[in-house]
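**Q** Okay, structure incoming, though there's no sequence with it:
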């Protein structure tokens, strides 16, 4: 895996994302991964026929939360990129699904994590990707600064 | 299931959440008093799981059994995982992790009671 300029080997220390505030952020992601996975598991297993699209969407969201948890906790260069993409997809998902669920409630007869911009979950689903992206930016900047110091 | 146990657990979790918040604001890591309290709450959650499953087996009403048992057992994971994750970093952010865990407990218990009451999935 290439590490960009300088070829400093590891580059930013892997796991920089899981220290400080990132640790709490990962805890929230893990909690959402657990609850969303469990909920969509039950929905898919027992009542998939009733509302396949919302239920598949719930499962997709659950998958994203689980992936984001792992990517943030690993915090290597590649998982940082993955985490950024996941956060962006989450943000787009919650905004699009939130908007649709407001404009056309009949499209989502069954609530998903993202319905009403995550209002059923205290708007945390809307907040999480924003915090995730902010943290990726802040921690990434700190890691780059540390790498530059080492390189000098 | 006796009414007082979930209520007591909600209150205890909220007090513990307040304790973590104080630690967080004072820039301290999680202390032993907190960890002891969380262990006690976990014992209470275990009792809740046993009583809940027994209650489910004994009830005539229609309760979403899989979801109910899922919550009863899933809630047991929260505090141990949060504690393990928090103790790997004994800074104020360890308290922030435990705050997340402590706040999840009341939410899950309320959902649990809704499911027991026959509401929702």
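**A** It's in. Everything quoted here is computed from the prediction, not taken from an experiment.
**Q** Can you pull out the residues in contact with the helix or strand containing residue B:68?
**A** Take DSSP states H and E as the rule and residue B:68 turns out to sit in helix B:65-87. By CB atoms under 8 Å, 6 or more residues apart in numbering or on different chains, the residues outside helix B:65-87 that reach it are A:23, A:26-27, A:30-31, A:34-35, A:38, A:42, A:45-46, B:30, B:35, B:38, B:41-42, B:45-46, B:48-49, B:52-53, B:56, B:94-95, B:97-98, B:100-102, B:104-105, B:108-109, B:111-112, B:115-116, B:121. (Glycine included, C-beta is placed from N, CA and C.)
**Q** So what's the residue count around whichever residue of chain A sits closest to chain B?
**A** Closest contact between chain A and chain B, by CB to the nearest CB, is at residue A:24 (3.6 Å). Burial of residue A:24, expressed as a neighbour count using other CB atoms under 10 Å in any protein chain shown, amounts to 24.
**Q** residues in contact with residue B:91?
**A** Contacts of residue B:91 (CB under 8 Å, 6+ apart): A:20, B:29.
**Q** could you redo the last one with a cut-off of 7 Å?
**A** By CB atoms under 7 Å, 6 or more residues apart in numbering or on different chains, the contact set of residue B:91 is residue B:29.
**Q** Then residue B:95?
**A** B:20, B:23-24, B:29-30.
**Q** helix or strand for it, which one?
**A** With DSSP H and E as the criterion, residue B:95 is inside helix B:92-116.
**Q** Check the average confidence over that helix, would you?
**A** Mean pLDDT, helix B:92-116: 94.
**Q** Next, the buried residues of that helix.
**A** Judged by neighbour count using 16 or more other CB atoms under 10 Å in any protein chain shown, the buried positions of helix B:92-116 are B:92-109, B:111-113, B:115-116.
**Q** what's the answer for stretch B:28-37, then?
**A** For stretch B:28-37, using 16+ other CB under 10 Å, the buried residues are B:28-30, B:34-35, B:37.
**Q** Buried residues of the helix holding residue B:68, list them for me.
**A** B:67-72, B:74-75, B:78-79, B:81-83, B:85-86.
**Q** which residues does whichever residue of chain B sits closest to chain A contact?
**A** Closest residue of chain B to chain A, CB to the nearest CB: residue B:96 (3.6 Å). Residue B:96 makes contact with A:23-24, B:24, according to CB under 7 Å, 6+ apart.
**Q** May I ask you to name the longest helix in chain B?
**A** In chain B, taking DSSP state H as the definition, the longest helix is helix B:32-58.
**Q** Show me what from chain A comes close to chain B.
**A** A:19-21, A:23-24, A:27-28, A:31, A:34, A:38, A:42-43, A:46 (CB under 7 Å from any CB of the partner chain).
**Q** Now the buried members of those.
**A** By 16+ other CB under 10 Å, those give A:19-21, A:23-24, A:27-28, A:31, A:34, A:38, A:42-43 as buried.
**Q** I'd like to know which of these are part of strands.
**A** Among these, the subset assigned to strands under DSSP state E is empty.
**Q** closest to residue A:118 among the residues you listed?
**A** Nearest to residue A:118 among those, counting by CB to CB, is residue A:28 at 12.4 Å.
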